[in-house]
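Engineer: need a structure here:
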Amino acid sequence: AAKQILLERRELMVPAMSVSASAVGPHSGRTYYAEARRPEAHQLFELVKLEQPTATIIPDAIGVNGDEKWIVEIAVTHSVNDEKKIMLEQLNFPAIEIALNLDRHAQWDWNTLYEEVIVNTTNKIWLYHPKLAELEAEAQQAAHALAAAETPLAHKAAGTKPAPVLIKLSFRGKPVRLTEYPFGIVAWSPYDPVINEILKCFGA
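Structural biologist: Numbers count the residues shown, from 1 in each chain. Now for the predicted structure:
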């Protein structure tokens with residue numbers, strides 16, 4: 001039914017993309033953080049194809065705009081595994097997974113399904129995007145610019161305040177960043193808003 005909605009509507013709200021990077025100041029040793037972000041957007045398709053073989057995989061749906069293709073995977077009981085993610089990267093098309101939690105609604109109808117498949121973005125994650133490397137470079141450049149702007153006296157301004165400690169982990173196969181500050185630990189995922197919602201439950 002979710003595939004049928006995509007086939008008929010030929011549209012999709014795609015989630016935002018956010019990437020963070022860090023750089024160390026040359027004088028104080030302080031860590032500077034920067035973020036590059038693309039907002040969520042409304043994507044229209046000229047054509048939607050269902051379960052059409054593409055290279056080594058059969059995506060749930062493919063949105064087509066001229067030569068441009070968008071891969072859409074629907075996750076009800078199982079998410080896309082790491083092997084398939086590698087195949088999606090090799091295709092070099094934007095790829096999104098839509099997670100449909102059947103417990104989210106007591107009853108499902110076409111209007112509910114439309115909201116969850118087409119409109120909602122909190123249940124969508126990027127499996128791959130060709131411009132992700134470009135976004136990462138943008139964040140890294142911004143972080144280095146902040147660090148480079150540091151004055152020679154910055155180490156005195158820093159005083160006894162320790163630089164935040166950044167730890168990179170993985171949760172459900174998605175990257176999670178833990179940053180330790182004097183006041184506590186901040187945890188977040190740069191790619192997956194669903195994981196961020198889970199982290200909020202722990203007060204992180």
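
Engineer: my guess is M13 contacts N120, does it?
Structural biologist: Yes. Counting by Cβ atoms under 8 Å, M13 does reach N120; the two are 7.3 Å apart. The C-beta positions use only the backbone N, C-alpha and C, and glycine is treated the same way.

Engineer: State the number of residues packed around the closest residue in space to R104 that isn't next to it in sequence.
Structural biologist: Spatially, and ignoring its direct neighbours in sequence, R104 is nearest to E116 (7.3 Å; Cβ to Cβ, 6 or more residues apart in numbering). E116: 21 surrounding residues under other Cβ atoms under 10 Å.

Engineer: List the contacts of E116.
Structural biologist: Contacts of E116 were listed using Cβ atoms under 8 Å, 6 or more residues apart in numbering, and they are 2, 98, 100, 104-105, 123.

Engineer: now swap in S22 and tell me
Structural biologist: Taking Cβ under 8 Å, 6+ apart as the test, what S22 contacts is 31-34, 143, 166.

Engineer: List the contacts of K49.
Structural biologist: Contacts of K49 (Cβ under 8 Å, 6+ apart): 61-62, 64.

Engineer: Taking the contacts of S22, tell me the two that lie furthest apart.
Structural biologist: For the contacts of S22, the farthest-apart pair by Cβ to Cβ is A34 and L166; their separation is 12.8 Å.

Engineer: Compare neighbour counts for these two and give me the winner.
Structural biologist: A34 (19 against 14).

Engineer: the strands in the protein, which residues?
Structural biologist: 11-14, 17-24, 31-38, 41-44, 47-50, 61-65, 68-75, 95-99, 124-128, 165-171, 174-181, 184-188 (DSSP state E).

Engineer: for those, which one sits closest to T112?
Structural biologist: Using Cβ to Cβ, the strands of the chain put strand 95-99 closest to T112, at 13.7 Å.

Engineer: and Q141, how many residues sit next to it?
Structural biologist: 14.

Engineer: ok, now G63?
Structural biologist: G63 has 25 neighbours, counted by other Cβ under 10 Å.

Engineer: I'd say it and Q52 touch.
Structural biologist: No. G63 is not in contact with Q52 according to Cβ under 8 Å; the separation is 11.4 Å.

Engineer: Okay, and which of the contacts of E116 map to helices?
Structural biologist: A2 (DSSP state H).

Engineer: Need the max-distance pair from the contacts of E116.
Structural biologist: The distance between the two most remote of the contacts of E116 (Cβ to Cβ) is 14.8 Å, for I98 and H105.

Engineer: circling back: make JSON lines out of the strands of the chain and add mean pLDDT and distance to I86.
Structural biologist: Formatted as JSON lines, those follow (pLDDT from 0 to 100; distance: least, Cβ to Cβ, whole Å):
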{"stretch": "strand 11-14", "mean pLDDT": "95", "distance to I86": "22"}
{"stretch": "strand 17-24", "mean pLDDT": "90", "distance to I86": "20"}
{"stretch": "strand 31-38", "mean pLDDT": "91", "distance to I86": "23"}
{"stretch": "strand 41-44", "mean pLDDT": "94", "distance to I86": "24"}
{"stretch": "strand 47-50", "mean pLDDT": "95", "distance to I86": "22"}
{"stretch": "strand 61-65", "mean pLDDT": "94", "distance to I86": "18"}
{"stretch": "strand 68-75", "mean pLDDT": "94", "distance to I86": "13"}
{"stretch": "strand 95-99", "mean pLDDT": "94", "distance to I86": "11"}
{"stretch": "strand 124-128", "mean pLDDT": "93", "distance to I86": "9"}
{"stretch": "strand 165-171", "mean pLDDT": "65", "distance to I86": "16"}
{"stretch": "strand 174-181", "mean pLDDT": "70", "distance to I86": "15"}
{"stretch": "strand 184-188", "mean pLDDT": "70", "distance to I86": "25"}
